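In: need a 3D model of the following:
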Amino acid sequence: MENVKKLYSGEPKSKMSNPSYVDGVLRYLLSECGLPAKPEFTQQVIKEPYVLIIDEINRGNISRIFGELITLIDPSERTGSDDALAVT
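Out: A predicted model of the protein is given here:
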């Protein structure tokens, strides 16, 4: 049922085991059991905290390291945008 819930909320079938069965159950619930076409629940996103560890920072150019990292916080510099940047 977890996979049916995921498919109902819009997740792709490619990430599920036995996707044809999950799709069939969902189609049955939609057509025969009165399940609304759009989900009425909202999926709560739990954000995990992240830790950034910079090893051997004393050997690097600190202003360049932190400059690149701070630039990546800006949404216009993220992957998928016209001005996307990456840090190695």
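In: residue 29 contacts residue 4, correct?
Out: Yes: using C-beta atoms under 8 Å, residue 29 is in contact with residue 4, at 7.3 Å. C-beta: built from backbone N, CA, C; applies to glycine.
In: out of those two, which sits in the more crowded spot?
Out: More crowded of residue 29 and residue 4, by other C-beta atoms under 10 Å: residue 4, with 18 against 13.
In: ok, the more buried one - contacts?
Out: Residues near residue 4 by C-beta atoms under 8 Å, 6 or more residues apart in numbering: 22, 25-26, 29.
In: how about the residues you listed in CSV, adding pLDDT, secondary structure and distance to residue 35?
Out: As requested, the contacts of residue 4 are arranged in CSV below (pLDDT from 0 to 100; DSSP: H, G, I helix; E, B strand; the rest coil; distance: C-beta to C-beta, whole Å):
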residue, pLDDT, secondary structure, distance to residue 35
22, 87, helix, 14
25, 89, helix, 10
26, 88, helix, 8
29, 88, helix, 4
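In: do you know the pLDDT at residue 42?
Out: On pLDDT, residue 42 comes in at 57.
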